[in-house]
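Trainee: I'd like to go over a predicted model; first the sequence, then the structure.
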Amino acid sequence: MRPSEELMVLLELNNYSVDKFKLKKQVEYEETGNLDLYKYKKYSELVVCHYLYEGNLDYFSRNPLTYRFDWGEDVKSMDQFNITHPDIEEKMTLKEFLGLERFNEVNKESVLYDVLDGWVEEYREASIKSMENLRDMIVLLPKKNKKYHKPSKLVFLLSALFALFNMLLFKNPETLQPSFMSFISDFVIDWNQLLYDVPLYSLYGVFTILLFVLYAVLNNSFSRLIRDVRGEKNKYAVKTFDKWDNDMKNARLKQSGILEDYVDLVVKKPKKSKLELKTLIGPEILMDKFKNYVKMVEKKYDWMTKNYSRFMTYIRLLFLLAFLFNLGFIGVGFAIMRGLINV
């Protein structure tokens with residue numbers, strides 16, 4: 001057991017709430033195909049169930065509807081899986097059962113429907129609970145938190161304006177020359193010429209521009225991250241999950257239809273018992289897609305909460321550094337043009 005899991009078990013045993021951690025771990029554990037996980041409300045029971053199941057590599061004793069591509073190349077068809085039923089005394093594969101002569105077509109059909117219905121119902125209950133867990137994971141993320149503000153829009157605009165001013169000074173100084181103030185126009189022309197006459201000063205100006213641009217990019221990126229995380233909590237999140245629930249329901253109905261057609265075929269033609277598992281994993285593929293999305297949101301939120309203070313400090317210092325460099329850029333330029341600094 002991992003140290004983090006041990007800690008959470010101890011906290012739970014001491015009556016601390018570990019709901020969020022349990023949900024995250026359940027989503028992680030479900031990737032093994034363990035359909036019993038949804039039955040447990042306590043995290044400690046979930047851990048025990050997971051670690052007892054993890055060593056079970058007998059894929060043919062599992063529910064074939066949980067098939068994953070990493071099970072191995074030898075796991076291909078539905079008829080390879082072991083089945084259990086009150087009318088069958090010994091353990092056998094689905095293919096072996098279809099070859100039994102002591103069962104007529106009616107009895108085989110009855111047993112097949114019982115077995116397949118059991119698999120379908122087990123998967124349905126587990127997937128419904130898994131969808132509820134994903135919904136709960138999003139709900140547990142705070143909708144709004146006064147602690148986590150987006151970086152200042154005003155400072156972003158100032159950095160963009162400073163960078164734009166310096167860029168125009170380099171490439172298009174005419175835009176900075178008001179026709180009604182000739183002394184400013186002359187000053188801008190001299191300043192622009194200075195940039196071309198003194199390479200080191202020009203390099204200083206370019207570096208100042210880069211600092212402002214870097215600040216603007218980081219400010220915008222972090223603002224978008226916070227907005228995206230908050231966006232997952234808006235009123236449309238519920239509608240999104242409702243749509244996902246409906247998509248999963250339709251995928252399971254399609255899966256059930258394939259199984260019904262399979263029963264009709266193999267009862268009459270047992271030799272055609274092969275049914276590739278790849279045709280049955282539509283719901284599982286959808287579930288993986290939904291889980292990956294929720295885990296991505298969770299990861300973004302965790303990164304934001306963990307790094308918010310440090311990141312905000314860094315970008316504030318970056319703006320202050322860029323601002324001071326810009327003051328120095330203006331001051332040095334003025335000093336050179338007034339002959340206070342010889343170059």
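Mentor: Perfect, I can see it now.
Trainee: drop to CA atoms for contacts and neighbour counts, all remaining ones
Mentor: OK.
Trainee: buried stuff in stretch 105-117?
Mentor: By 16 or more other CA atoms under 10 Å, the buried positions in stretch 105-117 come out as 105, 108-109, 111-112, 116.
Trainee: same question, stretch 256-268
Mentor: So, applying 16+ other CA under 10 Å, buried residues of stretch 256-268: 256, 259, 262-263, 266-267.
Trainee: tabulate the CA atom coordinates of it in PDB.
Mentor: The C-alpha trace of stretch 256-268 is given here as PDB (Å, rounded to 0.1, in the frame of the first residue of the first chain):
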ATOM      1  CA  SER A 256     -27.300  -5.500 -25.000                       C
ATOM      2  CA  GLY A 257     -28.600  -5.700 -28.600                       C
ATOM      3  CA  ILE A 258     -25.300  -7.300 -29.800                       C
ATOM      4  CA  LEU A 259     -25.600  -9.900 -27.000                       C
ATOM      5  CA  GLU A 260     -29.200 -10.700 -27.800                       C
ATOM      6  CA  ASP A 261     -28.300 -11.300 -31.500                       C
ATOM      7  CA  TYR A 262     -25.400 -13.500 -30.300                       C
ATOM      8  CA  VAL A 263     -27.700 -15.700 -28.200                       C
ATOM      9  CA  ASP A 264     -30.100 -16.200 -31.200                       C
ATOM     10  CA  LEU A 265     -27.200 -17.200 -33.400                       C
ATOM     11  CA  VAL A 266     -25.200 -19.600 -31.200                       C
ATOM     12  CA  VAL A 267     -28.200 -21.500 -29.800                       C
ATOM     13  CA  LYS A 268     -28.800 -22.600 -33.400                       C
END
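Trainee: mind checking how far it is from the chain centre?
Mentor: 37 Å (CA atoms, centre = their mean, to the nearest Å).
Trainee: can you list contacts of that stretch?
Mentor: In this structure, residues lying in contact with stretch 256-268 by CA atoms under 8 Å, 6 or more residues apart in numbering are 98, 105, 108-109, 112-113, 116, 120, 272-273, 275, 280.
Trainee: mean confidence for it?
Mentor: Here stretch 256-268 scores 91 as its mean pLDDT.
Trainee: can you check stretch 289-296 too?
Mentor: Rounded mean pLDDT across stretch 289-296 is 86.
Trainee: now that stretch, how far from the chain's geometric center?
Mentor: With CA atoms, centre = their mean, you get 5 Å for stretch 289-296.
Trainee: returning to that earlier point: of the buried residues of stretch 256-268, closest to Ile341?
Mentor: For the buried residues of stretch 256-268, the minimum distance to Ile341 (CA to CA) is 84.3 Å, reached by Ser256.
Trainee: give me the element that closest one is part of.
Mentor: Per DSSP states H and E: Ser256 is located in helix 236-268.
Trainee: I'd like the next helix or strand past that helix.
Mentor: Downstream of helix 236-268, the first helix or strand assigned by DSSP H and E is helix 282-337.
Trainee: picking up where we left off before, filter the buried residues of stretch 105-117 down to the ones in helices?
Mentor: Among those, DSSP state H puts 105, 108-109, 111-112, 116 in helices.
Trainee: which among these gets closest to Asn34?
Mentor: Leu116 (17.6 Å).
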